[in-house]
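> Kindly generate the corresponding structure for this input.
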Amino acid sequence: MSQSTSAHVSTPPESLRLFFGLACTASDAITQQLQMLHEASKDPRSGLRVVPAANLHITLKFLGSCQPALLKPLAQILETVCAGTSNFTLKLQGAGSFHGALWLGVEAQLALSALAQQLELALESFGFTADSKPFRPHLTLARLGHKPQFNSRQWQRQLSDTHWGELKISAVNLYESTTLPGGAQYQVLYSAALLAG
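Residues are numbered from 1 along each chain as shown. Alright, predicted model coming up:
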């Protein structure tokens, strides 16, 4: 009499798409611009997909697909970096477009660049490679689909000198990005406070 056994095959845990970023509360000027873009997006030929106000953020470091086991070490890295960084204020000015996105500019700020660099250095020990391109912070308002008819160059010219207000940065978040039929959805998995200035 033969005895059959079935092997149990364990499936690896589902990976998470993660990034470090700064949450952004929309000023009145930014809210008005989002509304304008939303109106323009009603024409399907525009190719516009407007970012919901709740999703507004400035990316510090995109991590890509990560195993859930990395969440605790990533949270510890964030805590360590933020524990030595004081809060600061960013000024948002101008507008631009690249890689199929419409964005608002972030004025050069030493504290922001230093924060991004510290994260880069801390992540190297976990096998994350440093970005080959220089850190260029921006606030994405909308994305452009295939062959959009929205005139992004004209939009950029009209808003090149616009001041969008200031943004107080008091914490850094670890986000999970989930792709849904209606676009990306971001969830804060961990947040670390900066030192009170």
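> Tell me the secondary structure at the residue nearest to the spatial centre of the chain.
For the chain, residue 59 is the residue whose C-alpha lies nearest the centre (CA atoms, centre = their mean; 3.4 Å). Put simply, residue 59 is strand when judged by DSSP: H, G, I helix; E, B strand; the rest coil.
> list the contacts for the closest residue to it other than its chain neighbours?
The shortest distance from residue 59 to any non-neighbouring residue, by CB to CB, 6 or more residues apart in numbering, is to residue 21 (4.8 Å). C-beta here means a position set from N, CA and C on the backbone, and glycine is covered the same way. By CB atoms under 8 Å, 6 or more residues apart in numbering, residue 21 lies in contact with 57-60, 172-173, 175.
> between those, which is closest to residue 130?
residue 60 (13.0 Å; CB to CB).
> how near is that closest one to residue 145?
Plainly put, residue 60 is 26 Å away from residue 145 if you go by CB to CB, to the nearest Å.
> so where do the helices sit in the chain?
Applying DSSP state H to the chain gives helices spanning 28-41, 71-83, 110-124, 152-159.
> What pLDDT does the model give the residue nearest to residue 138 when sequence neighbours are not counted?
Among residues not flanking residue 138 along the chain, residue 103 sits closest, at 4.0 Å (CB to CB, 6+ apart). pLDDT for residue 103: 97.
> how many neighbours does residue 103 have?
22 (other CB atoms under 10 Å).
> how about it, what does it touch?
Contacts of residue 103 by CB under 8 Å, 6+ apart are 95-97, 138-141.
> ok, now residue 17?
Residues in contact with residue 17 (CB under 8 Å, 6+ apart) are 64-66, 176-179.
> For ChimeraX, what selects the buried ones among those?
Listed next is the ChimeraX selection for buried residues among these, using 16 or more other CB atoms under 10 Å:
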select :66,176,177
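> from the contacts of residue 17, which single one is nearest residue 53?
Nearest member of the contacts of residue 17 to residue 53, counting by CB to CB, is residue 177, at 16.8 Å.
> which residues pair with the nearest residue to the closest one once chain neighbours are set aside across the strands?
Among residues not flanking residue 177 along the chain, residue 17 sits closest, at 4.5 Å (CB to CB, 6+ apart). Taking DSSP bridges, one finds residue 65 as the beta-bridge partners of residue 17.
> okay, residue 17: pLDDT?
95.
> I'm done for today, thanks for sticking with me.
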